[in-house]
Structure formats: C-alpha cells, structure tokens
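Undergrad: can't give you the sequence, but here's the structure:
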C-alpha cells in the first residue's frame, strides 16, 4: 500500500522539467510589464490652462442662469397675480350691476349681472333646484366658493321674498327688510313648466320633471302626488304645497284587457314586474271582469292597488 501512495507523490524526470518550465513562464509574464511602460512625456501647460478657463466659464454661466430663472419665476408669479387682479377688476367694472334682489328667485342672467362667476352661479342654482332656500342674507356665505368680498358687496341689496301675507308670521312684516310676492295658485293638471318654475324653489329642471311625471302618470288625482316627483325633496314640496290646487280631474286610464306590455310598464305605478304579472294573469284566467281582480295577484297588495286603481279600467267599464 505504501508503494501505491508513493507513486502518487513522486514525479518523473519529464514531469519535473514541465513544472520548472511553467514556473519560469509565470515569472516572465509577471515582470514583463515593468520593462514596457509607456512614456508619459511632459504635460501640455497651454491645454491645461485652456481647460481650466473653460471650467471657470461654465460655472459662471450656470450660476447666472440659475439666478435668472429665480428672477423670472418671481416676475412671472407677480405678473400672474397682477393679471388675475386686473381680470377681477375688469369683470366687476364691465359686468356688475347692483340691484335689489331675492337670491331665491334669480335666474342665470340676473346672477351674472351681479358679477358672480359661472361656477358659483351653477352652485347656487343647483342648491335652489334641490329645494334649498336662503332665509337671510348671511346664508349666502354658507355656500362653497362664495367670497367674503362678494358678500360685502351684495348683502346690502338682498331682499328675501317670504310667503304670502296670510302665511307670514307677525314678525316678518318689516317693509324695510321684506317685500311680499304673490305666487300664482297652480292647477296641478293644467300648469305648464313656466308656471311651475314661478313657485318658490322650483327651477326649470324640476318644473320639467313635474310635467313629465304628470304625463307619464296620466294626470294627478291628488296634490300629494306632486311630491313623488324625482329630485323634489319633501322640504321643497312642503314649500309649494300651499300654492297647489286640483281643479281639473281628468285621467288617462289604461284598459287592463287590451294594454300591451310596453303600455303597462311605462306607467310609473306599474313598471315591468307588475306588467308581467298582469299579462300572466290575463293568459291564465282570461279577461279581467273588474279592476278589483288585480287583488288576486299576490304581488299587488291593497296599498299599491288603491294607488294604482284610478288609472285602470276594464273593457266592460
């Protein structure tokens, strides 16, 4: 065994010469770069001075540009502020017309005459359309975007319209503070959009919605139905209710035995689910003998039936 191990640890003559040659080659390659160093030569002083001047010049230009930018920014800010101020001054001098007004009843052009900007005007009109009401001049300041300068300018001209005299309290009779506007008593089945929009808190959009809702129903049979109009809050309805009358009572009625699915589901009180139930009943049981037969449909309870009944007839009626 020792002879086997010794065979791995000894070298032949040829192997020893190979190892020596490899060590010699490594030493030559290690020291060779020291014999072939490049010649640096003398430095070019003129080129060095020129480069130094360029660096100084570049740093100087960069500093001036930065200062100029700061100055330009400051000038631009001041110029923008001055321009905005001039625009406000010009808008006030060219378009403002001060007059006594009730903020609850002004239209778009009248607000423009008072010198308010468009976005604020739309905010005010939207507030009124949703049933909002200004009860005193200070309420204007509660609106988002209403500047204190505009309030100081307009508040002396605010005159709040109150309800007619028979609905006013005794504390609301100061002629220097209030003036009375008689609202037209409206026949809810005959009034057009223009008449509706004259009522307190009713803008053009709400007036159109009331008329459209009345047409879809086929007419109103009681005043409280007006309060069901989409977008009309109960507070807004309560304000106009004293001015509403039902003098004309003519309804467009639907024949349960001949109406199509489209006609039935177009009515606000029927819609598609009731329309489907009515058609299925008609298919299974034949014609309706009376409107009361609707109570046999499980999905229609007595409350819904009483609400819908004035708009329905059968062929025999």
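TA: Nice, thanks for sending it over. Note that the coordinates shown come from a computational prediction; the quantities given were computed from them, not determined experimentally.
Undergrad: alpha carbons only for contacts and neighbour counts from here, please
TA: Fine.
Undergrad: and stretch 136-153, average pLDDT?
TA: Taken as a whole, stretch 136-153 has an average pLDDT of 84.
Undergrad: buried sites along that stretch?
TA: Neighbour-count burial for stretch 136-153 flags 137, 140, 146, 151 (criterion: 16 or more other C-alpha atoms under 10 Å).
Undergrad: the last one: helix or strand, and which one exactly?
TA: Just to be clear, that refers to residue 151. helix 148-154 (DSSP states H and E).
Undergrad: show me what that helix is packed up against.
TA: Packed against helix 148-154 by the contact rule (3 or more C-alpha pairs under 8 Å, 6 or more residues apart in numbering; DSSP states H and E) you find no helix or strand.
Undergrad: now the two most distant members of the buried residues of stretch 136-153.
TA: 137 and 146 (12.2 Å; C-alpha to C-alpha).
Undergrad: low pLDDT regions in the chain?
TA: 1-9, 36-44, 48, 60-95, 161-183, 316-317 (pLDDT under 70).
Undergrad: residue nearest the centroid of it?
TA: Nearest to the geometric centre of the chain sits residue 123, at 11.2 Å (C-alpha atoms, centre = their mean).
Undergrad: the helix or strand encompassing that residue packs against which elements?
TA: Element membership of residue 123 [criterion: DSSP H and E] is helix 118-129. On a contact count with 3+ C-alpha pairs under 8 Å, 6+ apart, helix 118-129 meets helix 108-113.
Undergrad: if we use 10 Å, what do you get?
TA: Using 3 or more C-alpha pairs under 10 Å, 6 or more residues apart in numbering; DSSP states H and E as the contact test, the elements touching helix 118-129 are helix 108-113, helix 204-217.
Undergrad: may I see the buried residues of it?
TA: Quick answer for helix 118-129 (16+ other C-alpha under 10 Å): 120-121, 124-125, 127-129.
Undergrad: what does stretch 277-288 give?
TA: 277-279, 281, 287-288.
Undergrad: switch the residues you listed over to a markdown table; also include secondary structure and distance to residue 53.
TA: Putting the buried residues of stretch 277-288 into a markdown table (DSSP: H, G, I helix; E, B strand; the rest coil; distance: C-alpha to C-alpha, whole Å) gives the following:
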| residue | secondary structure | distance to residue 53 |
| --- | --- | --- |
| 277 | helix | 96 |
| 278 | helix | 98 |
| 279 | helix | 98 |
| 281 | helix | 101 |
| 287 | coil | 107 |
| 288 | coil | 107 |
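Undergrad: quick check, nearest of those residues to residue 214?
TA: residue 278 (22.9 Å).
Undergrad: ok, the closest one - contacts?
TA: 256-257, 259, 261, 264, 270, 272, 288, 294, 297, 300 (C-alpha atoms under 10 Å, 6 or more residues apart in numbering).
Undergrad: how far away is it from residue 184?
TA: Separation of residue 278 from residue 184 (C-alpha to C-alpha, to the nearest Å): 41 Å.
Undergrad: give the burial count for residue 227, as a bare number.
TA: Using other C-alpha atoms under 10 Å, residue 227 has 18 other residues around it.
Undergrad: name the SS class of it, please.
TA: Classification of residue 227 using DSSP: H, G, I helix; E, B strand; the rest coil returns helix.
Undergrad: with adjacent residues omitted, what lies nearest to it?
TA: Spatial nearest neighbour of residue 227, excluding adjacent residues (C-alpha to C-alpha, 6 or more residues apart in numbering): residue 237 at 5.5 Å.
Undergrad: which SSE is the one you found in?
TA: Counting by DSSP H and E, residue 237 is found in helix 234-240.
Undergrad: before we move on, back to that, could I get the helices and strands packed on helix 118-129 as TSV with distance to residue 28 and mean neighbour count?
TA: TSV is the format used below for the helices and strands packed on helix 118-129 (distance: least, C-alpha to C-alpha, whole Å; neighbours: other C-alpha atoms under 10 Å):
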stretch	distance to residue 28	mean neighbour count
helix 108-113	97	15
helix 204-217	100	18
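Undergrad: give me every residue that touches residue 288.
TA: Taking C-alpha under 10 Å, 6+ apart as the test, what residue 288 contacts is 255-257, 278, 281-282, 294, 313-316.
Undergrad: recalculate using a threshold of 7 Å.
TA: Counting by C-alpha atoms under 7 Å, 6 or more residues apart in numbering, residue 288 makes contact with 256-257, 314.
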